[in-house]
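>>> Make a model of this:
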Amino acid sequence: TRATTNDTRSHEKLICIMGAKGSTIAVGSVEEEIKSHPCVVFSATYCPYCTKAKGVLKDVGAQMKVIETDKVANGSAYKSQLAKITGRTSVPQVFVGGKVECLHLQIAGEAHSTCMCYAQFIGGCNDGPGVVPLQAQGKLVPMLKEAGAIKK
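The predicted structure follows:
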């Protein structure tokens, strides 16, 4: 199950991916990539906006997972999944965070667990608010440090 909400602390969207503890997320899925990496860029090699966004992230020292949707075998599947999560298929699409939190409950003497993965969808190069505007506002590096994409 996926839910998006507006993060009250910023303009970025907070993506929440929920599932029972131990449940599996499809290999090669957007969700898997978001959960596995503190910064994920869905990109295309021919896109100048993708090149610029990746350049800004590289310049600030971010460790990022880059998925070139025009080069991977399941690129169209990634774009379809992105459309369901963010409402758009254009690239770049940048996610920061991927933190997992688990809630453990006792209900009628039975143990239940739910885990959630939170990531901020920060948009593309110049939009959503975008990598370039966030860097210009001094917000990008702290966000990446908090997520573990830049070592503190």
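
>>> what's the closest non-adjacent residue to Lys52?
Excluding the flanking residues, the one nearest Lys52 by Cβ to Cβ, 6 or more residues apart in numbering is Cys125, at 5.1 Å. From N, CA and C alone the C-beta is placed, and that goes for glycine too.

>>> surely that neighbour meets Pro92?
Yes: taking Cβ atoms under 8 Å as the definition, Cys125 is a contact partner of Pro92 at 5.8 Å.

>>> ok, back up a step: which SS state does the residue nearest to Lys52 fall under?
Under DSSP: H, G, I helix; E, B strand; the rest coil, the three-state class of Cys125 is coil.

>>> got the contact list for the nearest residue in space to His37 that is not next to it in sequence?
Leaving out its chain neighbours, the residue that sits closest to His37 by Cβ to Cβ, 6+ apart is Lys65, at 4.0 Å. Shown in contact with Lys65 (Cβ atoms under 8 Å, 6 or more residues apart in numbering): Glu33, Ser36, His37, Cys39, Val40, Val41.
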